[in-house]
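*Asks:* Predicted coordinates and the sequence they were generated for:
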Amino acid sequence: MNAVVRPLPLPRDRRVLVISDIHGNLPFLQGVLKKVHFSTDDILIILGDILEKSVHGLETLRYLMALAQTHTLHFLQGNCEDVTLAFLAGRWPEEAAAGYGNFWGEKCAWVDLAHRAGVPAEKPEDFPAARRAIEATFPEEIAFLRAMPNILLNDHYLFVHGGVPREDNLEGLSARQCMKNDNFLSQGYSFRRWVIVGHWPVSLYHPDVPRSDPMV
C-alpha cells in the first residue's frame, strides 16, 4: 500500500501542538493537554500510535474522536494503528497474528476489540468471526482509523509517524515504511522542510534522557 498524503493548513496565528505514541495512556494524555492549557484556539496533531500496549486504547481513541468534534485535531496513522487494520484486512499471516495477539493479550487492540464484541481471538480459526464482530461492533472507530493519512504536508513542515527518505513523490512511498521507521534521526537525510516524527522514544535518541516512562 502506498502512502496517503494530505495537505495541512497551519494558520500563523494559532499554536500548534504535536503528540505521538499515546498508546492508550488516557490519563497522561489528558494531563498533558491540561498542563499546556489546550483550547479551541490551538491545533493538535496526533502523530500516530494511539493504540496498542494498553488495555485502554479504545477509550483513548473515543476520547480523541470526541475532542475532534469541538477542537481542531489532525491525525496520522502509526504502525500500531496499522496492526489492527492489517489484521482486519487479513494482511498478517494467521500464525503470526496469533503469536502477536497471544503475546500482548488485551493490550493488543484487535484482541481487546474482539473480546469487547464478545468473541475469542486467540487462534487462527477464531479470526474470521473476530474480524466480522469488530467491523460490526465498532464501525465508526474502524472507519476513523482507516481515514487517517500517513503524511501531513505544507510548505514548511512534513508530519509522519516514523520517517521518510525524501520529500518528492511522497505518494509513491510505502505506507508501512513511513510508519515503521526506526531511528530516523540517524539516517542522514537532509530536507527542505522540517520533518516531525514520533515512533522512536526520545530516550533512544538522547542518552541524557534517562527514561521515557510517563508513569514515573
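*Replies:* Everything's here; your move.
*Asks:* Now the helix or strand that contains K34: buried residues?
*Replies:* Assigned by DSSP states H and E, K34 belongs to helix 26-35. Residues 26, 29, 33 are the ones in helix 26-35 that count as buried (16 or more other CB atoms under 10 Å). In short, each C-beta sits where N, CA and C put it, glycine included.
*Asks:* So what's the residue count around G172?
*Replies:* By the measure other CB atoms under 10 Å, the count of residues near G172 is 10.
*Asks:* Do I have it right that it meets V5?
*Replies:* No - under the criterion of CB atoms under 8 Å, G172 makes no contact with V5, lying 9.9 Å away.
*Asks:* Quick check: buried residues in the longest helix anywhere in the chain?
*Replies:* Scanning the chain for the longest helix, with DSSP state H as the assignment, gives helix 57-70. Residues of helix 57-70 classed as buried: 57-58, 60-61, 63-64, 67 (neighbour count, 16+ other CB under 10 Å).
*Asks:* one step back: and the angle for the helix holding K34 with helix 57-70?
*Replies:* Per axes from the mean of the first three to the mean of the last three CA atoms, to 10 degrees, the angle that helix 26-35 makes with helix 57-70 is 30 degrees.
*Asks:* partners of the next helix-or-strand element following helix 26-35, with directions?
*Replies:* Next along the chain after helix 26-35, taking DSSP H and E as the criterion, comes strand 43-46. The pairing partners recorded for strand 43-46 under DSSP bridges are strand 16-19 (parallel), strand 72-75 (parallel).
*Asks:* what mean pLDDT does the first one have?
*Replies:* It refers to strand 16-19. Strand 16-19 comes out with an average pLDDT of 97.
*Asks:* Sketch out the helices for this structure, chain order is fine.
*Replies:* Under DSSP H, the chain gives helices at 26-35, 57-70, 79-89, 94-104, 109-116, 127-137, 139-146, 175-179, 202-205.
*Asks:* for these, which one ends up most surrounded?
*Replies:* Among the helices of the chain, ranked by average contacts under mean count of other CB atoms under 10 Å, first place goes to helix 109-116 (a mean of 24).
*Asks:* Show me what it is packed against.
*Replies:* helix 57-70, helix 79-89, helix 94-104, helix 127-137 (3 or more CB pairs under 8 Å, 6 or more residues apart in numbering; DSSP states H and E).
*Asks:* Quick check: buried residues in stretch 144-154?
*Replies:* Quick answer for stretch 144-154 (16+ other CB under 10 Å): 144-145, 148-153.
*Asks:* I misspoke; the intended subject was stretch 114-127.
*Replies:* So, applying 16+ other CB under 10 Å, buried residues of stretch 114-127: 114-115, 117, 119, 121, 126-127.
*Asks:* still on that earlier bit, can you tell me which of the buried residues of helix 57-70 is closest to V202?
*Replies:* If you rank those by distance to V202 using CB to CB, T60 comes first, at 20.2 Å.
*Asks:* In the chain, which residue sits furthest out from the middle?
*Replies:* E125 (27.8 Å; CA atoms, centre = their mean).
*Asks:* out of everything not next to it in sequence, what's closest to L26?
*Replies:* For L26, ignoring the flanking residues on the chain, the nearest one in space by CB to CB, 6 or more residues apart in numbering is T60 at 4.5 Å.
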